[in-house]
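# Build me a structure from this.
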Amino acid sequence: MAKETQARHKADMQDRNSRLAGALWLLAGLFYLAAETVAAGAFPGYSYCANYVSDLGVPYPGVADGRMLASGLAWVMNLGLITDGVLFALAGGIACAADLSRTSVRAFLILAAAHGLGTVLVGMVHAGPREVMDGTHALHVLGAALAIIGGNLALMAATGCSGAWGLPKVHRAASLVLGLMGLAGLALLEWGDLTGRPLLATGSAERLSIYPITAWEIGTGLMLLFARAFPQANRQKH
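Here you go, the predicted structure:
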């Protein structure tokens, strides 16, 4: 009886944690997209294909690698990045709190923290010519690497967690596909930077490495919030 009570308590805790994590992930993804949209609207001539996301966060005019920087609402973009990073990591901690004994859960938690830290760093350290001159641009690059690599690997690690979160089998497949898509986008971005012969426009390649994470946040958030609506037969076993 004691074991049954303990198991029921653990299941209830996981259910509450999963729904709270879902709300935070959903908020993180939507807030990031809203911040990017608002900031892009205040940046004359901004191109989602040609410009980096980080261009939106530079709070002063200038030129970076031939791109004009003129973000009128840089603070909005930076707030979006910082909020997204904090909420992603926080949601990961909450979702995993009830079952830290599993290796896959701990791996996801570490990668979620890396993504969150990197995203916050990107929002705090800008990518303009002043940062290049004073050397702090290296911190921005480090943050971007943690955010993109850590984030997409976290999606792939989530394939070992979705069953514990009570999600349908499709979530596991979607997490793997989105993570691989994001890493492919990063590979395309780096290929263009290293060779000078981009296969995809700079902004498009970067967004291909970022948007899968955002899509996962929104999709996972919705699934966790409405997990009870999925037939039991479609859910994965822990």
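# In this structure, mark out all the helices, start to finish.
For the chain, the helices defined by DSSP state H cover 2-41, 74-96, 103-124, 129-134, 137-145, 151-157, 169-195, 202-225.
# Deepest in the core, which of those helices is it.
Of all the helices of the chain, helix 151-157 carries the top mean neighbour count, a mean of 25, counting by mean count of other CB atoms under 10 Å. Glycine gets a C-beta too; all of them are placed from N, C-alpha and C.
# Any regions of this structure where pLDDT drops low?
For the chain, the stretches with pLDDT under 70 are 1-13, 228-238.
# I'd like the helices of the chain laid out as TSV, including distance to residue 59.
Output for the helices of the chain, formatted as TSV (distance: least, CB to CB, whole Å):
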stretch	distance to residue 59
helix 2-41	11
helix 74-96	4
helix 103-124	11
helix 129-134	10
helix 137-145	13
helix 151-157	24
helix 169-195	24
helix 202-225	20
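# between the ones you listed, which gets nearest to residue 67?
With CB to CB as the criterion, residue 67 lies closest to helix 202-225 of these, at 8.9 Å.
# what inclination does that closest one have with respect to helix 137-145?
Taking axes from the mean of the first three to the mean of the last three CA atoms, to 10 degrees, one finds helix 202-225 and helix 137-145 inclined to each other by 50 degrees.
# Next, the angle helix 103-124 makes with helix 202-225.
Taking the same axes, to 10 degrees, one finds helix 202-225 and helix 103-124 inclined to each other by 130 degrees.
# which strands and helices sit next to helix 202-225?
The contact analysis (3 or more CB pairs under 8 Å, 6 or more residues apart in numbering; DSSP states H and E) places helix 202-225 against helix 2-41, helix 74-96, helix 151-157, helix 169-195.
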